[in-house]
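Peer 1: here is the input, now give the coordinates:
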Amino acid sequence: MSHPGRGLRVPSKEEALPGRAEPMPVAEAHFVKGTPLRGPFVGMQRAMFGMGCFWGAELQFWLSEGVFSTAIGYAGGHTPNPTYQEACSGLTGHAEVVRVIFDPELTSYAAMLRLFWENHDPTQGMRQGVDLGTQYRSAVYCYSEAQMRAAQDSRRAYQVLLTEAGYRAITTEIRPADEFYFAEDRHQQYLAKNPTGECGLGGTGVVCPVGLTSPD
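Peer 2: Modelled structure (predicted):
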């Protein structure tokens, strides 16, 4: 869905909407996997990515082997517990994100990064295809220094191949993860609940290097 928002500039904290203290109510279990949506996640690791429309992004991850649970929401901005309409206004500063819970014995953070890079175009700035707005920016929000290093290394490696394929510079925001705010329950696992739903997410066709190393 395309929501132009307020433009292509992330608002400052002072400009952002005030939000609310109450977290968004969501189901206890993942609609597809039946695993917990909020936790606990004993023995699992977390990752968080912004790839444009979060419906399609979440689908890519829950289909991946070793992923225990997924949820979509908002991160990277200022407004606590925003609504979908508020995020789409461009006045929260948040990106639409998917939070991924994965089993490190079955998959790796490197595999999560590969899915991230290959399933959207990370060179488009504040948009993804026809979806225009700061909420659609490409982002990797890291839960550790090891994830930060892996994300930065993978960006450098992928940039080489994108440049060879004629793409511009990667615009992906890579920084430490802050608070993750759940989107409304109707948006969680949306494309499983609504199989005819539309999401313009698409990759570049450039394969991410397989030599990525996963953080310890």
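
Peer 1: flag the shaky bits of this protein, pLDDT-wise.
Peer 2: 1-7, 210-216 (pLDDT under 70).

Peer 1: now the strands for it?
Peer 2: Under the criterion DSSP state E, the chain carries strands at the ranges 45-51, 67-75, 95-102, 127-128, 131-132, 138-142, 173-176, 181-182.

Peer 1: turn those strands into TSV, columns for mean neighbour count and distance to Arg114.
Peer 2: All C-beta spots, glycine's among them, are computed from the backbone N, C-alpha and C. Output for the strands of the chain, formatted as TSV (neighbours: other Cβ atoms under 10 Å; distance: least, Cβ to Cβ, whole Å):
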stretch	mean neighbour count	distance to Arg114
strand 45-51	25	11
strand 67-75	24	13
strand 95-102	26	12
strand 127-128	24	18
strand 131-132	20	23
strand 138-142	24	12
strand 173-176	13	15
strand 181-182	20	26
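
Peer 1: need these in CSV with distance to Gln159, can you?
Peer 2: Below are the strands of the chain laid out as CSV (distance: least, Cβ to Cβ, whole Å):
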stretch, distance to Gln159
strand 45-51, 17
strand 67-75, 24
strand 95-102, 20
strand 127-128, 18
strand 131-132, 23
strand 138-142, 13
strand 173-176, 12
strand 181-182, 30
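
Peer 1: where is the longest helix in the chain?
Peer 2: If you go by DSSP state H, the chain has its longest helix at helix 145-164.

Peer 1: list the helices and strands that one packs on?
Peer 2: helix 109-118, strand 138-142, strand 173-176 (3 or more Cβ pairs under 8 Å, 6 or more residues apart in numbering; DSSP states H and E).

Peer 1: contacts for the second one?
Peer 2: Right, the one you point to is strand 138-142. Applying Cβ atoms under 8 Å, 6 or more residues apart in numbering, the external contacts of strand 138-142 come out as 48-52, 75-76, 95, 97, 113, 116, 120-122, 124, 128, 147-148, 151, 170-178.

Peer 1: for the longest one, same thing?
Peer 2: Surrounding helix 109-118, the residues in contact under the criterion Cβ under 8 Å, 6+ apart are 45, 47, 49, 51, 60-61, 64, 66, 100, 102, 140, 146-147, 150-151, 154, 158, 203-204, 206-208, 210, 212-215.
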